[in-house]
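**Q** Output the structure for:
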Amino acid sequence: MNAIDAAIAGAVLVCVSLLVWIACGLVRDSIARYRAVFTETARVRMSEFFLFVDVNQLWVAHVAVIGVLAAACGWFAQSWGFALAGAAAGAWLPRQAARHLRTRRMRRFDAQLPDALLALASALRAGASLQAGLRQIAAESEAPLAQEFTLLMREQRFGVGMDQSLANLHARMPTEAASLVASALRIAADTGGNLAETLERIGATVRARLHMEGRVRALTAQGRLQARVVGALPWLLLAALHRLEPEAMERLWTTPEGWAVLVLVAALDILGLWMIARIVRIDI
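**A** Next up is the predicted model:
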């Protein structure tokens with residue numbers, strides 16, 4: 001029996017060691033894939049923002065943020081669950097921040113576009129060429145419009161065609177206003193026509209659209225704030241209660257009934273956020 005028990009124990013030890021080795025390999029591969037996706041996404045986003053930063057340093061900072069948030073949430077709530085939630089928040093925040101910055105950059109580009117189009121139309125009416133007008137806009141405007149038009153002119157100097165340069169501009173700034181401008185410049189380069197009048201009309205259209213979007217954002221600001229409060233309040237309340245009454249909240253983290261309540265709270269929270277987002281989303 002002793003030999004049999006020893007053989008069984010050895011087999012169990014080998015199986016456990018094999019499972020641990022496989023799990024470590026899977027975790028290592030998952031981290032490697034996540035790092036590759038993160039660094040590639042960061043490289044693309046930084047190039048869109050005209051920021052040239054070492055993506056490896058961004059990866060180190062990203063890992064540090066995940067660790068700090070996980071430690072802070074775990075210490076505050078004295079719970080491994082909140083530590084994991086903090087780590088998930090640390091992994092989610094950079095992507096959300098990049099999306100927010102990209103949206104703000106596109107809005108600023110659209111806000112600069114009407115005046116730039118009027119200036120370009122005036123230059124064309126004064127007898128300047130399209131290339132000279134674009135250079136003037138790139139020299140006199142501020143970022144991000146100056147950066148985008150400077151890159152547009154630089155691509156053409158390096159032999160990139162007008163159509164491809166405008167397509168690249170629209171890819172970096174995928175807004176309706178940028179699409180209208182790219183289409184107008186492309187048609188004018190191919191067929192000619194009264195480009196100055198077309199640009200003035202596009203500028204007036206973009207200005208009216210921006211005015212309407214500003215009014216809509218002002219009217220729906222309260223709803224967006226309510227969505228943030230609705231999304232954060234349940235979890236902040238859970239963390240505060242767990243900090244104040246850890247014994248009373250213990251069953252919420254350690255029993256199937258408590259897990260079911262957490263799943264229900266998360267589902268209702270997501271449903272509320274989705275409903276508010278649907279209500280305040282108005283297409284113009």
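**Q** Flag every buried residue along the host helix or strand of Val63.
**A** Val63 belongs to helix 55-77 when assigned by DSSP states H and E. Across helix 55-77, burial judged by 16 or more other C-beta atoms under 10 Å covers Val55, Leu58, Trp59, His62, Val65, Ile66, Leu69, Ala70, Cys73, Gly74, Ala77. For the C-beta atoms, the positions are set from N, CA and C on the backbone; glycine is no exception.
**Q** Just confirm the fourth one contacts Leu93, I think it does.
**A** The one in question is His62. No. Applying C-beta atoms under 8 Å as the test, His62 and Leu93 come out as separate, 9.1 Å apart.
**Q** for the buried residues of helix 55-77, which one is nearest Glu250?
**A** Glu250 has its nearest neighbour among those in Ala77, at 12.0 Å by C-beta to C-beta.
**Q** picking that back up, just checking, what packs against the helix holding Val63?
**A** Secondary-structure packing of helix 55-77 (3 or more C-beta pairs under 8 Å, 6 or more residues apart in numbering; DSSP states H and E): helix 2-48, helix 80-125, helix 221-244.
**Q** And the contacts of it?
**A** 35, 38-39, 42-43, 46, 80, 82-87, 89-91, 93-94, 239, 242-243 (C-beta atoms under 8 Å, 6 or more residues apart in numbering).
**Q** how much does that helix deviate in direction from helix 221-244?
**A** 60 degrees (axes from the mean of the first three to the mean of the last three C-alpha atoms, to 10 degrees).
**Q** For helix 55-77, list the C-alpha coordinates in CSV.
**A** The C-alpha trace of helix 55-77 is given here as CSV (Å, rounded to 0.1, in the frame of the first residue of the first chain):
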residue,chain,number,x,y,z
VAL,A,55,6.0,52.3,-27.0
ASN,A,56,8.0,50.1,-24.7
GLN,A,57,8.1,52.9,-22.1
LEU,A,58,4.3,53.2,-22.5
TRP,A,59,4.0,49.5,-21.9
VAL,A,60,6.0,49.8,-18.7
ALA,A,61,3.8,52.8,-17.6
HIS,A,62,0.7,50.8,-18.4
VAL,A,63,1.8,47.9,-16.3
ALA,A,64,2.7,50.2,-13.5
VAL,A,65,-0.8,51.8,-13.6
ILE,A,66,-2.5,48.4,-13.5
GLY,A,67,-0.4,47.4,-10.4
VAL,A,68,-1.0,50.7,-8.6
LEU,A,69,-4.8,50.6,-9.1
ALA,A,70,-5.0,47.0,-8.2
ALA,A,71,-3.0,47.6,-5.0
ALA,A,72,-5.0,50.7,-4.1
CYS,A,73,-8.4,49.1,-4.7
GLY,A,74,-7.4,45.9,-2.8
TRP,A,75,-6.0,47.9,0.2
PHE,A,76,-9.1,50.2,0.3
ALA,A,77,-11.7,47.4,0.2
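**Q** Thank you kindly, that will do.
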